[in-house]
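**Q** attaching a predicted model along with its sequence, questions to come.
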Amino acid sequence: MYMPSVFGENLMDDFFDDDFFRTPARKSASGLMRTDIKKLDGSYELSIELPGVKKENVELSLDNGYLKIQANSTNEKEEKDDDGQWIRRERYSGTSERTFYVGEQVTEDDVKASFENGILKITVPDEEEQKKRLPEKKVIQIV
């Protein structure tokens, strides 16, 4: 639906961007899974913000060198008046995911993860470190 604009701005966007109209889902959707990546000695550390998500609703998987992070969240808010009638009832349920290429040499044993206070920390070895760990050519002696 097209809304009128004044001087190139949409009046309705400004109206609905007010904090009064923001639901918890709308507030977090723009910043969902914000990720900081830090280079450490021989590895990378990913810090991913997952506010309101429980540890048991986060899944990590590794497939063909791609690390996939999937988070499911459900939020229910219910407010009633003194008579027990609903004044407002909101529900939000959603899934978000991100994928990072970490290299085909990385295995599940190489990836370390922890979850605390809504922050998922993942440590992945550097690709150069992985190449060092590849088996070298070994010579088999004939007896």
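**A** Sure, I can see it. Numbering: from 1, shown residues only.

**Q** helices and strands of the chain: which one has the lowest mean pLDDT?
**A** Within the chain, no helix or strand scores below helix 24-29, which has a mean of 44 by mean pLDDT, DSSP states H and E.

**Q** helices or strands next to whichever helix or strand comes after that helix in the packing?
**A** Remark: after helix 24-29, the chain's next helix or strand is strand 35-40, criterion DSSP states H and E. In terms of contacts (3 or more Cβ pairs under 8 Å, 6 or more residues apart in numbering; DSSP states H and E), strand 35-40 is packed against strand 43-49. For glycine as for every other residue, the C-beta is placed from the backbone atoms N, C-alpha and C.

**Q** which helices and strands does the strand it packs on pack with?
**A** For strand 43-49, the elements it packs on are strand 35-40, strand 119-125, judged by 3+ Cβ pairs under 8 Å, 6+ apart.

**Q** quick one: closest of the ones you listed to V58.
**A** Taking Cβ to Cβ, strand 119-125 is the member of the helices and strands packed on strand 43-49 nearest to V58, at 6.2 Å.
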